[in-house]
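1. Build me a model:
(chains A and B, ligands or ions: 2)
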Amino acid sequence: MEIPYTDKARPDTGLYNAKVGLWLFLASEIMLFGALFSSYIMLRVGADEGVWPAVKLAWPHHLLNVPIGTFNTAVLITSSVTVVMAWASLKMNNFKRFRMFMVITILCAFAFLGIKSYEYNEKFTHYELRLKDGKALTGHLEVNGKHPGFWSPSDLWNLPRLTSSNVTEVKFVADPMEGHGGHASHEALTVKVDEISHLDAFIPRNHTFFAIYFTITALHGLHVLGGALVLAYFTFPGAGMWKTNPEQFTNRIEVGGLFWHFVDLVWIFLFPVVYLL
Amino acid sequence: MAQTTTSKSGAHGVHAAHEAHHDHHELGFMSKYIFSSDHKVIGIQYGITALIFLLFGFFLVGCMRWQLAYPGRAIPLLGGLLETFLGKDMAAGGIMQGDLYNAFGAMHGTIMVFLAIVPLAFGAFGNFVTPLQIGAPDMAFPRLNMASYHFYFFGGVVMLASFFIPGGAARSGWTSYSPLATTAQFGQAFNGQTAWLIGMVLLITSSLLGAVNFITTIIQLRTKGMSWMRMPFFVWAQFVTAFLLLLAFPPLEAAGILQLMDNVFHTSFFLPTGLVVNGAQLPVSGGGSPLLWQHLFWFLGHPEVYVLILPAMGIVSEVIANNTRKPLWGYKSMVYSSICIGFLSFIVWAHHMYLTGMGTKISTFFQTTTMMISIPSVTILTALFISLWGGSIRFNTASLFALAFLPMFGIGGLTGLPLGFNASDIYLHDSYYVIGHFHYVVAPGTIFGLLAGIYFWYPKATGRFLNETLGKIHFWGSLVCMNLVFAPMFIQGFKGMSRRLYDGGATYFLETDPTALKLNIYITHSAIALGVFQLPFIWNFFASLFVGRKVTNDNPWDATTLDWATPTPPPHGNFLREPVVYRGPYEYSVPGAAKDFTPQNQPT
Ligand code: HEM
Ligand SMILES: [Cu+2]
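-> Ligands and ions are numbered 1, 2, ... in the order given. This is a model prediction of the structure:
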């Protein structure tokens, strides 16, 4: 006996198997990201007052680059449109157009990831500095002329590493402070290491905001990557099925597209929560 | 996305598998037993693996029980082995050390819940029986099904391997509460807890794939005439269970990822500000919330207990209907009750957290929902009890286990009520009373249900019966010993004995109340006896494959459901021709019918 409804819809449910499966999978994904968003809320509501140095907040605000984030949102939304166009092209029996739209979708995905890793790198090279006299700053650090970042995480500086590598002073270019006139000095301060009480880049271990920001966006990024790879598989090596079983092939694209919309939707929630609020 | 594709290609792969099947009927050993996509083979793989883990989990707790009864005395027979394999820090001179006790305790819970009971109840019975009972040729996504077994298997391997990494396996309880789970071995990047988290992610992935597959199968592959209210209760139980797994596990996965970040990248999701460990402030940013872990854990944890019990209720219902030769009393209310349980089980989780200081308003809310959820549970149990009324019951081994399930689960459920009220839980929380409560539900409850299922479906799976005499020895021995093991725990709990004590409570009771300590000794002896009474079963299980009485017809129990309408054992594809269903699942002793059972596929 064949397994029924692999490509045709079951009359009483109106769905073929893979579509049911995908909707269920998305339900579990909603619970996954829902739990992470809830964690974000609980951590933010419970954050300690006055720990974020520059303007003594409980939770770092507005540290992320909104124009870049907005642009990236537009990139993902575009890809969501093109993936529908790709599916519609198959429905209209136009394989060439399908492939073109798919390629745009996949390019958008990788553009998104590229921009995201640029943003990550910005954070990995940005430092929080607290001095023993209670002063606190954020800005950029220069030690021996090196700028370790996202691609060399084990070279990032912090206080124990400075001490253990016998560095005695560092150069620090402070950010303009919100509410303090906002003039960037762009002059490097020289800071003695034995005056520092805390030094760390904007990385997960430095503050729960970064921890949750990096965790959720990285998990979302993995979904983008996984989705893009699968769509790429459908578009190139797996496209042979268009000849042998066009109906099932179209179903595949539909289901892949549904997943892609979901990935997009997560970002639509993520963007305001971490960038704007 | 990976999962989506697999599901797609899984559906697609079916054709390939079938073509291969038609071309050459001889499948190699590997593709028949190891990489099979046949739901029955996968079910049996799950079953055997889970039974081995059940035994292993029992071995772990056996060692712990020895330590509780005779603190500081070398474990006979096994102590030397433990020292050789796990080292002097863990079992110097064959004596269980504190770290080993904690590790065995954490792993006992983890293995029993996630590697033994759920895979047996859901993976094994769900896989083997569900497609048969709804008249489907296989699961909706056979290759995905195979993948879920493999994820489960590797999750198990990771958990087992974690005993041998430096510092030993996870040792912060099966609930892995933070900050303990992060600070217990702080500084060791890859420790037992990290392995636990990786293992859990694999197990969760396995369950999620399984859940998607089960629900799709039940929605899409019911055969002609198999309307929702003609589905056997077993299928309903699996259906609700699958939803629980699907929706409750992801938050634990999220929690696992966050704890992994805490342990490996030193974030502070669950670490509060100013945490001091061993006299020094922990070098982390702080600002996290230990309660967040508990919320995420119990959001899974409570639905999980219904994952443990619902499939057993399903099995027991089938066995009872069949052996009382009567329809289930109140089939519909049982179905609606199980759906109610499904919904309510998502809003009771914080009854595990009354003592965390989350506030009286929140406690009251969860107390109310907890009382509400006991109503549908009691409804199901009552319906099963009433089903016995006036039946002429056949007392074979399957039926004995199913009947014993009822009072045992009853005790477990009723002892849950005082825990659900926050006033009484303040006294009982984290005491041996809680241990007694949940073991009554899971051990003589769920495990008896599962054993009933094994005795019941063994003939369908193998073509031979299990031996009834050995079965009855197994049953009576287990019934008596289970109660001797778990009933005294209520007394210890009332006396105030805490759980997770390495010295069995000696610190508190040596002077004041030595009887509480004496009970430890009785319990341990009963546990050993319980182990001994499993030997006839293990022998029976394997020997009957070769010498068991052969079944002479495809429906040896005179049952009504479709699982008995297949050849024995069912071939790949299950049914010789697509079955059609004409009636409800339990038409036993219908007045005026030719026989005392009318199969679902018998035309009107
Ligand atoms: C039907 C009514 C039930 C009620 C009212 C109930 C209530 C509770 C409560 C309030 C606790 C927390 C006690 C504490 O930590 O202080 C608890 C613990 C527990 N229950 Fe139940 N329960 C019920 C049924 C079940 C069932 C059906 C199962 C499993 C099959 C189960 C398994 C557990 C487990 C495993 C724990 C302990 C978890 C731990 O702390 O390690 N319970 N129960
Ligand atoms: Cu609970």
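2. What residues sit buried inside the one helix or strand residue B:52 maps to?
-> Residue B:52 is part of helix B:39-69, with elements assigned from DSSP states H and E. Residues of helix B:39-69 classed as buried by neighbour count (16 or more other Cβ atoms under 10 Å in any protein chain shown): B:39-47, B:49-51, B:53-54, B:56-58, B:60-69. For glycine as for every other residue, the C-beta is placed from the backbone atoms N, C-alpha and C.
3. for stretch B:318-335, same thing?
-> Buried-residue list, stretch B:318-335, by 16+ other Cβ under 10 Å: B:318-331, B:333-335.
4. Tell me where the stretch 351-500 of chain B is predicted with low confidence.
-> Across the stretch 351-500 of chain B, nothing is flagged by pLDDT under 70.
5. Write out the residues of it neighbouring chain A.
-> Neighbours of chain A within the stretch 351-500 of chain B, by Cβ under 8 Å from any Cβ of the partner chain: none found.
6. Grab the nearest non-local neighbour of the residue of the stretch 351-500 of chain B found nearest ligand 1.
-> Nearest to ligand 1, among the residues of the stretch 351-500 of chain B, is residue B:416, at 2.6 Å (Cβ to the nearest ligand atom). Spatially, and ignoring its direct neighbours in sequence, residue B:416 is nearest to residue B:437 (5.6 Å; Cβ to Cβ, 6 or more residues apart in numbering or on different chains).
7. contacting residues around the helix or strand that neighbour falls within?
-> Per DSSP H and E: residue B:437 is located in helix B:432-440. Residues outside helix B:432-440 that contact it (Cβ atoms under 8 Å, 6 or more residues apart in numbering or on different chains): B:305, B:408-409, B:411-412, B:415-416, B:419, B:428, B:485-487, B:489-490, B:492-494, B:497-499.
8. in which helix or strand would I find residue B:567?
-> Under the criterion DSSP H and E, no helix or strand holds residue B:567.
9. in the helix or strand hosting residue B:258, what's buried?
-> Residue B:258 belongs to helix B:233-265 when elements are defined using DSSP H and E. Buried residues in helix B:233-265, counted by 16+ other Cβ under 10 Å: B:233-263.
10. in chain A, which residue is closest to the centre?
-> What sits nearest the mean C-alpha location of chain A, by Cα atoms, centre = their mean, is residue A:217, with 3.1 Å.
11. need the contact list for that one.
-> Shown in contact with residue A:217 (Cβ under 8 Å, 6+ apart): A:116, A:270, A:274.
12. Please identify, among those residues, the one with the most neighbours.
-> With neighbours taken as other Cβ atoms under 10 Å in any protein chain shown, the top of these is residue A:270, carrying 20 neighbours.
13. Can you tell me the SS state at it?
-> Three-state assignment for residue A:270 (DSSP: H, G, I helix; E, B strand; the rest coil): helix.
14. my read: it touches residue A:221, true?
-> No. Proximity of residue A:270 to residue A:221 does not meet the contact threshold set by Cβ atoms under 8 Å, at 10.6 Å.
15. Mind telling me what element whichever residue of the stretch 1-150 of chain A sits closest to ligand 1 is part of?
-> Going by Cβ to the nearest ligand atom, ligand 1 is nearest to residue A:35 of the stretch 1-150 of chain A, at 19.8 Å. Remark: residue A:35 resides in helix A:17-45, with elements defined by DSSP H and E.
16. Remind me what that helix packs against, helices and strands.
-> Helix A:17-45 is packed against helix A:208-235, helix A:246-271, helix B:2-23, helix B:192-220, helix B:233-265, helix B:290-324, with contacts defined by 3 or more Cβ pairs under 8 Å, 6 or more residues apart in numbering or on different chains; DSSP states H and E.
17. again, 6 Å this time
-> Here helix A:17-45 touches helix A:208-235, helix A:246-271, helix B:2-23, helix B:192-220, helix B:233-265, going by 3 or more Cβ pairs under 6 Å, 6 or more residues apart in numbering or on different chains; DSSP states H and E.
18. out of the ones you listed, which comes closest to ligand 1?
-> The nearest among those, by Cβ to the nearest ligand atom, is helix B:233-265 at 11.5 Å.
19. now that closest one and helix A:17-45, what's the angle there?
-> Using axes from the mean of the first three to the mean of the last three Cα atoms, to 10 degrees, the inter-axis angle of helix B:233-265 relative to helix A:17-45 is 50 degrees.
20. sorry, back to before: tell me the helix or strand right after the helix holding residue A:35.
-> Later in the chain than helix A:17-45, the nearest helix or strand by DSSP H and E is helix A:66-91.
21. pLDDT averaged over that following helix - what is it?
-> Averaged across helix A:66-91, pLDDT comes to 96.
22. residues from the stretch 1-150 of chain A in reach of chain B?
-> Residues of the stretch 1-150 of chain A lying close to chain B by Cβ under 6 Å from any Cβ of the partner chain are A:1, A:3, A:5-6, A:10, A:17-18, A:20-22, A:24-25, A:28, A:31-32, A:35-36, A:39, A:42, A:46-48.
23. Next, count neighbours for residue 204.
-> Using chain A. 24.
24. Can you look at chain B instead?
-> Residues contacting residue B:204 under the criterion other Cβ under 10 Å number 22.
25. now it: how far from residue B:349?
-> Distance of residue B:204 to residue B:349, computed by Cβ to Cβ, to the nearest Å: 17 Å.
26. Likewise for residue B:558?
-> For residue B:558, the distance to residue B:349 (Cβ to Cβ) stands at 43 Å.
27. more neighbours, the two?
-> The neighbour comparison of residue B:558 against residue B:349 (other Cβ under 10 Å) goes to residue B:349, with 24 against 15.
28. that's a strand at residue A:142, yeah?
-> Yes. Residue A:142 sits within a strand when classified using three-state DSSP.
29. Surely it is in contact with residue A:171?
-> Yes. With contact defined as Cβ atoms under 6 Å, residue A:142 counts as touching residue A:171 (4.1 Å).
30. And stretch A:187-195, how far out from the chain middle?
-> Chain-centre distance of stretch A:187-195: 33 Å, with Cα atoms, centre = their mean, to the nearest Å.
31. Could you give me the buried positions within stretch B:428-436?
-> By 16+ other Cβ under 10 Å, the buried positions in stretch B:428-436 come out as B:428, B:429, B:431, B:432, B:433, B:434, B:435, B:436.
32. er, stretch B:557-569 actually
-> Across stretch B:557-569, burial judged by 16+ other Cβ under 10 Å covers B:557, B:559, B:560, B:561, B:562, B:563, B:564, B:565, B:566, B:568.
33. okay, now the closest residue to ligand 1 within the stretch 501-604 of chain B: neighbour count?
-> Residue nearest to ligand 1 within the stretch 501-604 of chain B (Cβ to the nearest ligand atom): residue B:501, separated by 14.6 Å. Number of residues near residue B:501 (other Cβ under 10 Å) recorded here: 17.
34. Now do the same contact list for it.
-> If a contact means Cβ atoms under 6 Å, 6 or more residues apart in numbering or on different chains, then residue B:501 has no contacts.
35. secondary structure element for it?
-> Using DSSP H and E, no helix or strand contains residue B:501.
36. For it, give me the pLDDT.
-> For residue B:501, the pLDDT comes out at 91.
37. That one and residue B:495, how far apart?
-> Residue B:501 is 13 Å from residue B:495, by Cβ to Cβ.
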